[in-house]
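A.B. asks: here you go, sequence then predicted model.
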Amino acid sequence: MFKKYLSKLEAIIAWSQSILTEKQFIFLSSVLVGITSAFAVIVLKTFAHWVFSFATYINGILKLSFINSILPIAGLLLTVFVVKRFLGGSIEKGTPQILYAVAKKASIIPKKQMYAQIFTSSLTVGLGGSAGLESPIVVTGAAFGSNYAQKYKLSYKDRTLLIGCGVAAGIAAAFNAPIAGVLFAIEFLLVDVSISAFTPIMIAAATGALVSVIALDETILLNFKQQQEFDYHKIPFYVLLGVATGFISIYYTRNFRRTEHFFQRLKLNPYKKALLGASILAVLIFVFPTLFGEGYESIKVLADKNPGEILENTLFSKFRDNTWVLLAFVGLTMMLKVFATAITLGSGGNGGNFAPSLFLGSYVGFLFSKAINFTGLTQLPVSNFTMVGMAGILSGLFHAPLTAIFLIAEITGGYSLMLPLMIVSSISFAISKRFEKHSMDVKDLAQKGHAFTSNKDTNVLSTLDTNSIIQTDYLTVTPDENLEKLVDLISHSNQVIFAVVDKEQHLLGIVHFNNIREIIFNTYRVKYTLVKDIMAIPAEVIYPFNSMETVMNKFERSKMAFLPVIKDEKYFGFISKSVALEAYRSKLKSMIIE
């Protein structure tokens, strides 16, 4: 029955494509992608919230803290089981796969990502894994956009645009924050986009937020109705908070990578690795129950007037009125969050770092303001610092200050905190950028030339394949031949550069026509001069595995118009700088999203 209705819907969409203009069809498509992304959010958020409420209810009755520790073990093992049994044994996790698809796979994302992320992340995070659902939501939305575009045979530019629509709709629906959704798509994915391309992205984000508001229980969303007035006299303390969140972002990024890489290097089968990670996570959650799941409930508690409630149902519940114990608990939880998340994801779970960044930021802001207030120097608005801290960490980790500013502004229900949000986000971003060139999600891909960054030239070059511009039909000469052979080759071809090779085709040098122009018109010198006497050692050589950015850097350093290519230690061909530049111009033209 479902397939029957789906076929009818697809037929209607195909018919509309035939009668609408290209731009009108993109507008319609952005609405449809926004709706599907929003429903993915509803499924994930509802399941995760239901499991958390159930665990909290059982724990409230039995007063057994270990209940929350058992669920993550089950969640990680079930996630591994689903991946092994139903998803071919592996699943690409995290938002970097979207960047890789756009940069290297013509914006084509596998179909299984439309459902794989929902199932696996709901098991991991819903059952208490210390990660976030936003990354799986974003990947799911991107997969909907990509596969929709493939279904209706849209171009690379339109596929990329609809991926951006899916990303924007996912964030907008997850937080009821359409502006933040648009900005995240721009900052994270569509770094090169024209103003006209904003319209479909805005439509998708608005659609996602609207569906979320209608169908999703508001209590599930992260939002705050209470906030204190902004006092400009507190600006120096917001500056200090910006500095703190910047350095803590660096701490999180580096320790997350170390911990995740540790688990990746373990020579264990997936179930044993999941059991090891889940056991460590269970101990952490037993002592610090706020590490369970996304952690949004504890953020709301910290921003409330009674933050001591965060110690309820913990080993420290009898100290809920003790400020020192509360600060110590928050501080330790803050420092351990990175390890809980890295263990969750590194041992086989699926999720992301978006929610952990908000969790960490709220704890930093709370701890900072409470500590200052405790000294008696001044009285800071704790709830404001708790919320602004989220923007600081989000900006520092993802290098997305605009997203951070407007996301917190939208979930707080107003823009009265705009100035402190701008101060904290910009300072945190600047500090993080100084020590970490790329955001934590982009770093590995960017180092390999596999992802778009804020550098437009690098983005375009990353999409070009070095092998596609290697010319292998160049004639060669041997070192012991005289120049008569070379002159004959020049007179019967358009070639101006020749590789000098031995019998095994090893490159010995190169000869360029411009460098022997005076010699070839002298018959005597042509007859008695050997090639090895006039060949030159190339200033640079290229290998097929070199990225196009590396190739262009070699052209820049050598000041040469042609560079030889070496493959398997033997001469393979030449790359012409003019051919490389033409490929760059053609790709740039095809990538401009309008």
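C.D. replies: Received the coordinates, thanks.
A.B. asks: going by C-alpha atoms from here, please, whenever you check contacts or count neighbours.
C.D. replies: Fine.
A.B. asks: counting by contacts, list what the longest helix along the chain packs against.
C.D. replies: Secondary structure of the chain per DSSP state H: the longest helix is helix 22-62. Helices and strands touching helix 22-62, by 3 or more Cα pairs under 8 Å, 6 or more residues apart in numbering; DSSP states H and E, are helix 67-86, helix 113-126, helix 134-151, helix 156-175, helix 198-215.
A.B. asks: give me the angle between that helix and helix 67-86.
C.D. replies: Following axes from the mean of the first three to the mean of the last three Cα atoms, to 10 degrees, one obtains 140 degrees for the angle between helix 22-62 and helix 67-86.
A.B. asks: average pLDDT for helix 22-62?
C.D. replies: Average pLDDT, helix 22-62: 82.
A.B. asks: can you check stretch 503-515 too?
C.D. replies: 87.
A.B. asks: for it, buried residues please.
C.D. replies: 506, 507, 508, 509, 510, 511, 512, 513 (16 or more other Cα atoms under 10 Å).
A.B. asks: make CSV out of these and add secondary structure and distance to residue 331.
C.D. replies: Shown next, in CSV, are the buried residues of stretch 503-515 (DSSP: H, G, I helix; E, B strand; the rest coil; distance: Cα to Cα, whole Å):
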residue, secondary structure, distance to residue 331
506, coil, 62
507, strand, 61
508, strand, 63
509, strand, 63
510, strand, 64
511, strand, 67
512, strand, 67
513, helix, 70
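A.B. asks: which one of these is nearest residue 560?
C.D. replies: residue 512 (10.5 Å; Cα to Cα).
A.B. asks: got the contact list for the closest one?
C.D. replies: Residue 512 is in contact with 496, 497, 498, counting by Cα atoms under 8 Å, 6 or more residues apart in numbering.
A.B. asks: so what's it bridging to?
C.D. replies: residue 497 (DSSP bridges).
A.B. asks: how close does it sit to residue 33?
C.D. replies: 55 Å (Cα to Cα, to the nearest Å).
A.B. asks: right, and residue 75 touches residue 124 too?
C.D. replies: Yes - taking contacts as Cα atoms under 8 Å, residue 75 lies within contact range of residue 124: 4.8 Å.
A.B. asks: please, where are all the strands along this protein?
C.D. replies: Counting by DSSP state E, the chain has strands at residues 476-477, 497-501, 507-512, 562-567, 570-576.
A.B. asks: now tabulate these in CSV and tack on distance to residue 553.
C.D. replies: Formatted as CSV, these follow (distance: least, Cα to Cα, whole Å):
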stretch, distance to residue 553
strand 476-477, 26
strand 497-501, 20
strand 507-512, 20
strand 562-567, 12
strand 570-576, 13
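A.B. asks: please identify the deepest-packed of those strands.
C.D. replies: Neighbour counts (mean count of other Cα atoms under 10 Å) averaged over each of these peak at strand 497-501, with a mean of 23.
A.B. asks: first to last residue in stretch 517-536, what's the distance?
C.D. replies: 15 Å.
A.B. asks: tell me the spacing between residue 312 and residue 300.
C.D. replies: Distance from residue 312 to residue 300, by Cα to Cα: 14 Å.
A.B. asks: more neighbours, the two?
C.D. replies: residue 300 (20 against 14; other Cα atoms under 10 Å).
A.B. asks: count of neighbours near residue 541?
C.D. replies: 19.
A.B. asks: tell me, what's touching residue 75 and residue 124 both at once?
C.D. replies: Common neighbours of residue 75 and residue 124 (Cα under 8 Å, 6+ apart) are residue 349.
A.B. asks: more neighbours: which of the two?
C.D. replies: Neighbours were counted for residue 75 and for residue 124 using other Cα under 10 Å; residue 124 has more, 32 against 25.
A.B. asks: so that one makes contact with residue 347?
C.D. replies: No - look at residue 124 against residue 347 with Cα under 8 Å: they stay out of range, at 10.9 Å.
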